[in-house]
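*Asks:* Okay, predicted coordinates and the sequence, questions at the end:
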Amino acid sequence: MRNPIRRNKNIGQTQGGRVRDGRSREKFSRIFTRDVWTKLSEEGGKWRVLRENPSRDYYHPCAGAEYQNVLKRLPADLTDPVKGIVLRRTPKFDLKMGIEARRQYRCVVLNAFPRSNEMVWRARPERATIRHYAPWCENWVEEDGLYKLNTV
């Protein structure tokens, strides 16, 4: 059991060096920077598309209008909370974990795809991973100890 007298006295104070001129500063998200929030809040409309520049070896396979057309075909109870579609660069963590998209802060966040259309795994993919990609493609190739899924 924890002793309430011995708890940290700094709970609720700003930590991590985010104090300037005696005033604390808010720690902003790296994924949703301040300009992304400004664009989403100031410009009205449904399903605003925000596009980041993908790196040299990646691309976004569809235009923003194509994603909006897909959302129009889905039931309203699924699409009403969505404020925006963010086409972003693929972070190293998402690349390592094989994450293509996520829902975050009432937005659909879609990562860029490799230009080679190959997704690489360093270890043998699990059955769940193979089953997940099976409806779209099953072109698994093993080269030099790497497992590649060729999406073409």
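*Replies:* Happy to help now that I have it.

*Asks:* C-terminal to the helix or strand of the chain with the lowest mean pLDDT, which secondary structure element comes first?
*Replies:* For the chain, the helix or strand with the lowest mean confidence is helix 34-42, at a mean of 68 (criterion: mean pLDDT, DSSP states H and E). Toward the C-terminus, helix 34-42 is succeeded by strand 48-51 as the next helix or strand (DSSP states H and E).

*Asks:* what helices or strands is that next one leaning on?
*Replies:* If you count contacts as 3 or more Cβ pairs under 8 Å, 6 or more residues apart in numbering; DSSP states H and E, strand 48-51 packs onto helix 34-42, helix 64-73, strand 84-88. (Glycine included, C-beta is placed from N, CA and C.)

*Asks:* Go through it and flag the buried ones.
*Replies:* Within strand 48-51, the residues scored as buried using 16 or more other Cβ atoms under 10 Å are Arg48, Val49, Leu50.

*Asks:* Tell me the one among those nearest to Tyr59.
*Replies:* The shortest distance between Tyr59 and any of the buried residues of strand 48-51, using Cβ to Cβ, involves Val49 and amounts to 15.5 Å.

*Asks:* residue contacts, the closest one?
*Replies:* With Cβ atoms under 8 Å, 6 or more residues apart in numbering as the criterion, the residues that contact Val49 are Gly64, Ala65, Tyr67, Gln68, Gly84, Ile85, Leu87.

*Asks:* Just list the residues touching the last one, thanks.
*Replies:* Neighbour list for Leu87: Val49, Leu50, Arg51, Glu52, Pro54, His60, Gly64, Leu110, Ala112 [criterion: Cβ under 8 Å, 6+ apart].

*Asks:* Let's see that with 6 Å instead.
*Replies:* Residues touching Leu87, when contacts are defined by Cβ atoms under 6 Å, 6 or more residues apart in numbering, comprise Arg51, His60, Leu110.

*Asks:* Which pLDDT does the model give the nearest residue in space to Ser55 that is not next to it in sequence?
*Replies:* Computed as Cβ to Cβ, 6 or more residues apart in numbering, the closest residue to Ser55 that is not its neighbour in sequence is Arg89, at 6.0 Å. According to the predicted model, the pLDDT of Arg89 comes to 82.

*Asks:* Same question for the one 10 residues further on.
*Replies:* Looking at Ile99, its pLDDT stands at 76.

*Asks:* Just give me the neighbour total for the residue lying closest to Asn150 once chain neighbours are set aside.
*Replies:* Of all residues not flanking Asn150 in the chain, Asn139 sits nearest, at 4.1 Å (Cβ to Cβ, 6+ apart). When counting by other Cβ atoms under 10 Å, one arrives at 13 neighbours for Asn139.
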